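Colleague: Fold the stuff below for me.
(3 chains)
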Amino acid sequence: MPAYATNMRLKFPILALMLEVVTIVLYALLVVYDTGDAHGDGSHEESNTTHSSGPMTLYPMFQDVHVMIFIGFGFLMTFLKRYGFSSVGINLLLAAFGLQWGLLLQNIWHMHNGKITINIEKCSVLLIMTLLEITTFCINEHLVVGILGVSDVGASMTIHAFGAYFGLAVARVLYRPGLRNGHENDGSVYHSDLFAMIGTVYLWMFWPSFNSAIAEPGDPQLRAVINTYFSLAACALAAYATSSLVEKKGKLDMVHIQNATLAGGVAVGTCADMDIQPFGAMVIGITAGIISTVGFKFLTPILASKLGIQDTCGVHNLHGMPGILGGLAGIVAAALGKKDNVTATYQACGLASSLGFALVGGLITGLIMKIPFWGQPPDQNCFDDSIFWEVPEEEEENEERLTHGESSKNKAEA
Amino acid sequence: MPAYATNMRLKFPILALMLEVVTIVLYALLVVYDTGDAHGDGSHEESNTTHSSGPMTLYPMFQDVHVMIFIGFGFLMTFLKRYGFSSVGINLLLAAFGLQWGLLLQNIWHMHNGKITINIEKCSVLLIMTLLEITTFCINEHLVVGILGVSDVGASMTIHAFGAYFGLAVARVLYRPGLRNGHENDGSVYHSDLFAMIGTVYLWMFWPSFNSAIAEPGDPQLRAVINTYFSLAACALAAYATSSLVEKKGKLDMVHIQNATLAGGVAVGTCADMDIQPFGAMVIGITAGIISTVGFKFLTPILASKLGIQDTCGVHNLHGMPGILGGLAGIVAAALGKKDNVTATYQACGLASSLGFALVGGLITGLIMKIPFWGQPPDQNCFDDSIFWEVPEEEEENEERLTHGESSKNKAEA
Amino acid sequence: MPAYATNMRLKFPILALMLEVVTIVLYALLVVYDTGDAHGDGSHEESNTTHSSGPMTLYPMFQDVHVMIFIGFGFLMTFLKRYGFSSVGINLLLAAFGLQWGLLLQNIWHMHNGKITINIEKCSVLLIMTLLEITTFCINEHLVVGILGVSDVGASMTIHAFGAYFGLAVARVLYRPGLRNGHENDGSVYHSDLFAMIGTVYLWMFWPSFNSAIAEPGDPQLRAVINTYFSLAACALAAYATSSLVEKKGKLDMVHIQNATLAGGVAVGTCADMDIQPFGAMVIGITAGIISTVGFKFLTPILASKLGIQDTCGVHNLHGMPGILGGLAGIVAAALGKKDNVTATYQACGLASSLGFALVGGLITGLIMKIPFWGQPPDQNCFDDSIFWEVPEEEEENEERLTHGESSKNKAEA
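Modeller: Sure, this is the predicted structure:
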């Protein structure tokens, strides 16, 4: 099927190796360790805080965020019955490249004597954006956090809402009418759902680390941990309750549990380090859990049938709506807190900017991806590892044995 | 099947949401961050210790214990072939509620100016009891540790022995004679055993964190880590050896490896922070490993057939007997160590109290659970996710294909 | 089949329990906690560094290395379709014994007042070697690191190259011509590959902890983390690219992704804490990723067919060649850095010593293992858990159902 050009044999390796070589050259020219002697002027405020207690202070939290990215997101998407290799494997590939490239892009305007200094904190920040379209993200994030000074410690707006609507815009452009009635492999099997729960549970556990990793050390960081923790706990209860409420016979749906239990972490992201008190975090969490579960049940089918957006992983329910909720919660918290209305207005601008950049950036990216040069698999091969991976033959073998059995049986019948 | 009323559609969501709303109201009234300024009187001894090195000092250990609770216990019970969703999913639900509710109950009598202050240490302690019947646990634990001042740093008595005999008493009351001859789904398949090993290995690795999390910082904490570590190591060897010894042909049994390797962590819990020396810990570990494996092989069948206690997960072998062993080891360690006989007597009272509260509390809970209102699944639906979960259809599909094959075959035969 | 004597019923339990009892006696005689008062002379340089910031400072990193050993290596080898129990289970057994035994052997010549003192750092170091033949390892490591003073912070030479060539020498002696044409169970199934990816991802994430755990605190440790991180990232890209390049149709091969993505961690081990700059680490990583993938594709089949070395797990590609690459990189880094040529020469001697001890020790071990007393499974039972484990019957059941179907079908046909 040469028209689809999913054969990556030359295109992918050459692209990947070239990118890596370019990256290495840029690192050779620009990047050094942040070992304290690279800048003697004391102007490097963040790293001072860090260094006061040794360069390795942030390391455990840095590792928690790693576990979220590589195990959490990697395994969360293994729920598809024949897409597990791609879920874990492509996640690893993108994260490995993204962390190298992101560190360059994000620090290109903060150089010291023409050098970018690397420390654990920087590595930690950039990890967060490895799964996203990095360039657009960096522009929006620089504008929102860097220039407007908007609070978004757990990145409800700049990562979750941005990423979700970026992706949904891409999905709209790449809509496949041939998959309107579903696909045989767009579903889970028993053990694929259990693999996905490995992802869910790790994300749930380490979300407090994610939301507090770049918070100010001391009380703000403690608040970020505690708020995220209670938002997630309340959200989990709400997700279970809502799942049972909307399903026939009151059963729980694995898709809701795998995803909506995490919405509380997304929604508390913007105001995690603010003084919203534990019960405030729990109100945010319970709202996010309900919205997210209801979205999976009722909104996702409408998005697919009416708007032509096939949201296989429920990005809109886990990141989109809870991200907007987080942005709104940040506006309210800023208005109610000690901060003045100007701050609340800036928060609102941050949310609007994130959504705007996401939709425009996603549409442009989608149009670029539609260029035939890149190769798109035919509809029937979607949701299937075997386009990109060598897959062990067992399943086909079983299939064959069964088919064989049936065919000889048919012979017997004939 | 309305008589059994396992349809949770209204009962469960309403109960869960109501509990969550009540919890949020209580938090709004009672709970604030422990940011150091909530109590200026310096009377808050534990948090002083913690704050001296920053509020986040305990955070990595707090996360280890999370991994044990959510991944470790969650996946340990996925060994059942069709109960994996319930194992991971219901564990997450109970833990998410328990941590919110437990923090209230455990601190209701330690308020400052009418407020409960939250810090990482408190969150850490309460996590430990989320899986247990919280109220009875709190009374016993307050009596044993709070009033009698008994040592139980790793909670051999107050958690493991208490929880095991509580659960076994409940199981006795809920005995199902219809399951006396086993159940088709009361067993594992190859990959469900591997999922369970994820749980085992995480519990094994992080048990030193569990036993040392609330130990005094410094040498006692170091001793708690080292003693737990060597007890587990010796226990693992003993469990493998005993498993091979009691099985036909000397093969290893996955059930023993998944559970008995952990008994050393339970049994060293009470005296983990005492000066028992590594070899003392290893003696405790080897004893626990042998007792636990022998229990799985010989005692569990007797409990089921003679006493009417169906102990599917082997709670008695992993938590019950090793918990008592831990209590006894604590008595001996207190008598032999610098501490006087009075201390040893108090330790013995702690063990007796834990067992007494467990049995009485468990019987009462069992009787409450037997009220028909709650709904109990019929025998044939036990050990099956599909009562409470939407389960992907693949298996039935295979089943059907096979059945279909067989039925057409039968037709062919006819 | 008594000739093969794979029945472990008496031999294994007696051996294991005897070893454990001997170990406990030795611990009772020799081992005490390193609580600071065991040696008042201040001559204990490493533990001073550690104690300056409390005995638990290294604990998070110690736990990361545990996760690598028990989850990482344990699950990495679950890729074989019927060898998952052995992979996780025997790894746990060996590690549990190895950590007890290794601590004795490694510290027997560093006693204080006739006692071995235990702290977290010592436990951490010895974990690393639990999977290896401990005695030979200790002699070589004492010679290379202790006497020659060679740098090998991440142990490219003393663990990876040593372990790989030791194992390959054993494999050469134990060559089974009957398996020359492969074995039905020497392959993966879909979900066994996903289990293996749990191992891969954990190893990938925590390799920076492994390479930096015993580095000097401060800048060298920071460099060890950052260098390992970027070497792994570059290696991952190279492994994906090379895998796609050498496979038909440009598909990715799970075996390459599971293993070759980690070669960068091995290869940067020796010079991880040196001042090689991030781009230097990336050059090492990209080289390791390419060499390792090419080794899997082209070299492993040649080793099997021409040299009689059956390298099921690809040890040569993940540890052997990248370990040598790491040794060479250390020589170059020492020669180019501030250090003189003498240092570079010592590094070269360290590499040569590691390879020499490995090959000789492996050959001797292989010959010992060939003694019929130990019992070897027949060829057809290789790669199969059921020699050593009770395996759930489902598969056979399915088999049976199918066979049953086929046989009745045959009857129908007849």
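Colleague: Which helix or strand contains residue A:302?
Modeller: Assigned by DSSP states H and E, residue A:302 belongs to helix A:300-306.
Colleague: any idea of the mean pLDDT for that helix?
Modeller: The pLDDT scores in helix A:300-306 average 91.
Colleague: I'd like the next helix or strand past it.
Modeller: Following helix A:300-306 toward the C-terminus (DSSP H and E): helix A:315.
Colleague: Using PDB, list the CA coordinates for the next helix-or-strand element following that following helix.
Modeller: Using DSSP H and E, the next helix or strand after helix A:315 towards the C-terminus is helix A:321-336. Written as PDB, here are the backbone C-alpha positions of helix A:321-336 (Å, rounded to 0.1, in the frame of the first residue of the first chain):
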ATOM      1  CA  MET A 321     -12.600  20.800  30.700                       C
ATOM      2  CA  PRO A 322     -10.700  20.300  34.000                       C
ATOM      3  CA  GLY A 323      -8.000  22.600  32.700                       C
ATOM      4  CA  ILE A 324     -10.500  25.300  32.000                       C
ATOM      5  CA  LEU A 325     -12.000  24.700  35.400                       C
ATOM      6  CA  GLY A 326      -8.500  25.100  36.900                       C
ATOM      7  CA  GLY A 327      -8.100  28.400  35.000                       C
ATOM      8  CA  LEU A 328     -11.500  29.600  36.300                       C
ATOM      9  CA  ALA A 329     -10.600  28.500  39.900                       C
ATOM     10  CA  GLY A 330      -7.400  30.500  39.600                       C
ATOM     11  CA  ILE A 331      -9.300  33.600  38.700                       C
ATOM     12  CA  VAL A 332     -11.700  33.200  41.600                       C
ATOM     13  CA  ALA A 333      -8.900  32.400  44.000                       C
ATOM     14  CA  ALA A 334      -7.000  35.500  42.900                       C
ATOM     15  CA  ALA A 335     -10.100  37.700  43.200                       C
ATOM     16  CA  LEU A 336     -11.000  36.300  46.700                       C
END
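Colleague: just to revisit the earlier point, okay, buried residues for the helix holding residue A:302 please.
Modeller: For helix A:300-306, burial by neighbour count (16 or more other CB atoms under 10 Å in any protein chain shown) applies to A:300, A:303-304. Yep, even glycine has a C-beta here, placed from its N, CA and C like the rest.
Colleague: Which residues outside it are in contact with it?
Modeller: Outside helix A:300-306, the residues that touch it by CB atoms under 8 Å, 6 or more residues apart in numbering or on different chains are A:168, A:180, A:309-311, A:314, A:316-317.
Colleague: now stretch A:209-221, how far from the centre of its chain.
Modeller: Distance of stretch A:209-221 from its chain centroid, counting by CA atoms, centre = their mean, to the nearest Å, is 20 Å.
Colleague: Buried residues, it. List them.
Modeller: So, applying 16+ other CB under 10 Å, buried residues of stretch A:209-221: A:209-215, A:217, A:219-221.
Colleague: wait, which of those residues is closest to residue A:342?
Modeller: Closest approach between the buried residues of stretch A:209-221 and residue A:342, by CB to CB: residue A:220, at 20.5 Å.
Colleague: From what I see, that closest one and residue A:273 are in contact.
Modeller: Yes - using CB atoms under 8 Å, residue A:220 is in contact with residue A:273, at 4.1 Å.
Colleague: joint contacts of these two?
Modeller: residue A:153.
Colleague: thinking again about what came up before, for the contacts of helix A:300-306, work out which two are farthest apart.
Modeller: Most distant of the contacts of helix A:300-306, by CB to CB, are A:180 and A:317, 19.9 Å apart.
Colleague: Looking at the two, which has the bigger crowd around it?
Modeller: A side-by-side neighbour count of residue A:180 and residue A:317, using other CB atoms under 10 Å in any protein chain shown, places residue A:317 first with 27 against 12.
Colleague: which ones are touching the more buried one?
Modeller: Residue A:317 touches A:259-260, A:263, A:291-293, A:295-296, A:299-300, A:311, counting by CB under 8 Å, 6+ apart.
Colleague: again, only using 7 Å
Modeller: A:259-260, A:292, A:295-296, A:299-300 (CB atoms under 7 Å, 6 or more residues apart in numbering or on different chains).
Colleague: Take the buried residues of stretch A:209-221 and keep only those in helices.
Modeller: A:209-212, A:219-221 (DSSP state H).
Colleague: before we move on, back to that, among the buried residues of stretch A:209-221, which two are most distant?
Modeller: Going by CB to CB, the pair spanning these furthest: A:210 and A:219, at 18.6 Å.
Colleague: rewinding a little: top of the contacts of helix A:300-306 by number of neighbours, please.
Modeller: residue A:317 (27 neighbours).
Colleague: Once you drop chain neighbours, what's closest to it?
Modeller: residue A:295 (3.6 Å; CB to CB, 6 or more residues apart in numbering or on different chains).
Colleague: Quick check: residue A:117 is in a strand.
Modeller: Yes - assessed by DSSP: H, G, I helix; E, B strand; the rest coil, residue A:117 belongs to a strand.
Colleague: does it really touch residue A:32, like I thought?
Modeller: Yes - between residue A:117 and residue A:32 a contact is recorded at 5.9 Å, counting by CB atoms under 7 Å.
Colleague: The stretch 101-250 of chain A: helices as residue ranges?
Modeller: Along the stretch 101-250 of chain A, the stretches classed as helices by DSSP state H, counting those that start in this stretch are A:120-127, A:134-141, A:162-173, A:190-212, A:219-246.
Colleague: Which neighbouring elements make contact with the one helix or strand residue A:352 maps to?
Modeller: Following DSSP H and E, one finds residue A:352 within helix A:341-370. Where contact means 3 or more CB pairs under 7 Å, 6 or more residues apart in numbering or on different chains; DSSP states H and E, helix A:341-370 is packed against helix A:134-141, helix A:162-173, helix A:321-336.
Colleague: Which of the ones you listed sits closest to chain C?
Modeller: helix A:134-141 (14.3 Å; CB to the nearest CB).
Colleague: Work out for me the element the residue of the stretch 251-400 of chain A found nearest chain B sits within.
Modeller: Of all residues in the stretch 251-400 of chain A, the one sitting closest to chain B is residue A:279 (3.8 Å; CB to the nearest CB). Per DSSP H and E, residue A:279 falls inside helix A:277-294.
Colleague: ok now that helix, how far from the chain's centre?
Modeller: In terms of CA atoms, centre = their mean, the centre of helix A:277-294 is found 20 Å from the chain centre.
Colleague: What are the neighbouring residues in contact with the closest residue to chain C within the stretch 201-350 of chain A?
Modeller: Taking CB to the nearest CB, chain C has its nearest neighbour within the stretch 201-350 of chain A at residue A:202, 10.5 Å off. By CB under 7 Å, 6+ apart, residue A:202 lies in contact with A:67-68, A:71-72.
Colleague: Just give me the closest of the residues you listed to chain C.
Modeller: residue A:71 (5.5 Å).
Colleague: Would you agree residue A:34 is in contact with residue A:116?
Modeller: No - checked against CB under 7 Å, the pair residue A:34 and residue A:116 is beyond contact range at 8.9 Å.
Colleague: between these two, which one's more packed in?
Modeller: residue A:34 (26 against 23).
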